[in-house]
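Q: What would the 3D arrangement of this be:
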Amino acid sequence: MRALVTGAAGFIGSHLCAHLLASGDTVTGLDSFTDFYDPARKERNLRSLAGFPGFSFHRADLLTADLAPLVAGVDAVYHLAGQPGVRPSWGTEFPLYTARNVLATQALLEAVRQYPVGKFVYSSSSSVYGDARTCPTAETALPRPVSPYGVTKLAGEHLCELYRGTFGVPTVSLRLFTVYGPRQRPDMAFARLLDAASDGAPFPLYGDGEQTRDFTYVLDVVTAMRETARSGFTGIANLGGGSPVSMKQAISTVENIVGPVKILPRPTSPGDARHTSADIGVATRELGYRPRTTLHDGIRAMAEEHCRR
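A: I've put the predicted structure just below:
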């Protein structure tokens, strides 16, 4: 397939590009190198793709770029670009989230409806559920985001559904549950835990540690994304790891693999959900999705990559 990947230099985006290229697809990557974290990390991510002859890259912003040449003739669009992070999405940063998660999504959908594609895969988030009333949580649950970030990701989903229903754009919104793996963003929990285990700096633990997350390994996620583009499915589907664990258990796993972690207790942060757990029945039935990576194996792969830096 011929694919366009937005957010191609990021954590998940760079893994997706590598997976698509290894599968024989031709990939055009797009990224604007925002400064949410050090852009030098994204430059390193791109270097891992340099050896693939089927890869080309454009440094551009979805809100200002001429998108027509990028989407014309493409079989699949994977829209991963956006402003991440639950905690920073409050207050004065919110306009960035609306621009990069809502307006940018609408701009890309407008381009795609002019140049039809086989599939538009939107990277959504379990944050749309907020504090879900049932766990595991199915796609039929009423979304109740508890952070501005979650609100913007849900708005992106609604746009996808609008363009699907009104203009026939074949959209799929994948609700990703706490993705981790090598090259994870430095603000995310496992990246910070590995730093803490390696250099002895304290790890800020928000809340009592009994909150649970459905950690999902990045290779399982990007494999499912490609299968989504190849399927006839449209709509909304969860992608979870299949076995939620508490933060205390996650910390213990890191300590068993790398070494002790000094904990700095902090109060619960506004916007943090208490528990997340994915009902993956739709993804299993429609996409053949089965998470294959255990938490222990996934963190070990992260630790090995961390040691090579």
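Q: switch to C-alpha atoms for all contacts and neighbour counts from now on
A: Fine.
Q: now the strands for this structure?
A: 2-6, 26-31, 55-59, 76-79, 119-125, 171-176, 179-180, 203-206, 212-213, 216-217, 235-239, 245-246, 263-266 (DSSP state E).
Q: what packs against the fifth one?
A: When contacts are defined as 3 or more C-alpha pairs under 8 Å, 6 or more residues apart in numbering; DSSP states H and E, strand 119-125 sits against strand 76-79, helix 148-167, strand 171-176, helix 218-230.
Q: For the ones you listed, give me TSV that also has mean pLDDT and mean neighbour count.
A: Output for the helices and strands packed on strand 119-125, formatted as TSV (pLDDT from 0 to 100; neighbours: other C-alpha atoms under 10 Å):
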stretch	mean pLDDT	mean neighbour count
strand 76-79	98	24
helix 148-167	98	21
strand 171-176	98	24
helix 218-230	98	21
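Q: Tell me who's in contact with V74.
A: 1-4, 117-118 (C-alpha atoms under 8 Å, 6 or more residues apart in numbering).
Q: redo that, cut-off 7 Å
A: Counting by C-alpha atoms under 7 Å, 6 or more residues apart in numbering, V74 touches 2-4, 117.
Q: State the phi and psi torsions of it.
A: The phi/psi pair for V74 (degrees, to the nearest 10) reads phi -90, psi 140.
Q: What pLDDT is listed against it?
A: The score at V74 is 97. That number is its pLDDT.
Q: What of R308?
A: 83.
Q: What of A50?
A: On pLDDT, A50 comes in at 88.
Q: S32 now?
A: Listed pLDDT for S32 reads 98.
Q: Quick check: phi and psi on it?
A: Per degrees, to the nearest 10, the backbone of S32 is at phi -100, psi 0.
Q: Just list the residues touching it, thanks.
A: Contacts of S32 by C-alpha under 7 Å, 6+ apart are 59-61.
Q: make it 10 Å
A: 6-9, 39, 58-62, 81-82 (C-alpha atoms under 10 Å, 6 or more residues apart in numbering).
Q: how about those residues in JSON lines, adding distance to T152 and pLDDT?
A: JSON lines is the format used below for those (distance: C-alpha to C-alpha, whole Å; pLDDT from 0 to 100):
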{"residue": "T6", "distance to T152": "17", "pLDDT": "98"}
{"residue": "G7", "distance to T152": "17", "pLDDT": "98"}
{"residue": "A8", "distance to T152": "20", "pLDDT": "98"}
{"residue": "A9", "distance to T152": "21", "pLDDT": "98"}
{"residue": "P39", "distance to T152": "23", "pLDDT": "96"}
{"residue": "H58", "distance to T152": "25", "pLDDT": "97"}
{"residue": "R59", "distance to T152": "24", "pLDDT": "97"}
{"residue": "A60", "distance to T152": "21", "pLDDT": "97"}
{"residue": "D61", "distance to T152": "18", "pLDDT": "98"}
{"residue": "L62", "distance to T152": "16", "pLDDT": "98"}
{"residue": "A81", "distance to T152": "13", "pLDDT": "98"}
{"residue": "G82", "distance to T152": "10", "pLDDT": "98"}
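Q: any chance of those in TSV, with distance to V102 and neighbour count too?
A: Listed next are the contacts of S32 as TSV, based on distance: C-alpha to C-alpha, whole Å; neighbours: other C-alpha atoms under 10 Å:
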residue	distance to V102	neighbour count
T6	14	27
G7	15	28
A8	18	31
A9	20	30
P39	22	15
H58	21	14
R59	20	14
A60	17	16
D61	13	19
L62	11	23
A81	11	26
G82	9	26
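Q: Tell me which stretches of the stretch 1-150 of the chain form helices.
A: Under the criterion DSSP state H, counting those that start in this stretch, helices of the stretch 1-150 of the chain are mapped to 11-22, 39-47, 68-71, 94-97, 104-114, 148-167.
Q: Let me have those in a markdown table, extended by distance to T28.
A: Output for the helices of the stretch 1-150 of the chain, formatted as a markdown table (distance: least, C-alpha to C-alpha, whole Å):
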| stretch | distance to T28 |
| --- | --- |
| helix 11-22 | 9 |
| helix 39-47 | 12 |
| helix 68-71 | 8 |
| helix 94-97 | 24 |
| helix 104-114 | 15 |
| helix 148-167 | 21 |
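Q: Could you say which one of these comes nearest to V221?
A: helix 11-22 (8.4 Å; C-alpha to C-alpha).
Q: how much space between the residue lying closest to R300 once chain neighbours are set aside and P186?
A: Distance criterion C-alpha to C-alpha, 6 or more residues apart in numbering; nearest residue to R300, sequence neighbours excluded, is I257 at 6.6 Å. In this structure, I257 and P186 are 19 Å apart, going by C-alpha to C-alpha, to the nearest Å.
Q: got a list of what L16 touches?
A: 5, 7-10, 22, 27, 78, 80, 218-219, 221-226.
Q: sorry, back to before: quick check: the residue nearest to R300 touching H296?
A: Yes. Counting by C-alpha atoms under 10 Å, H296 is a contact partner of I257 at 8.1 Å.
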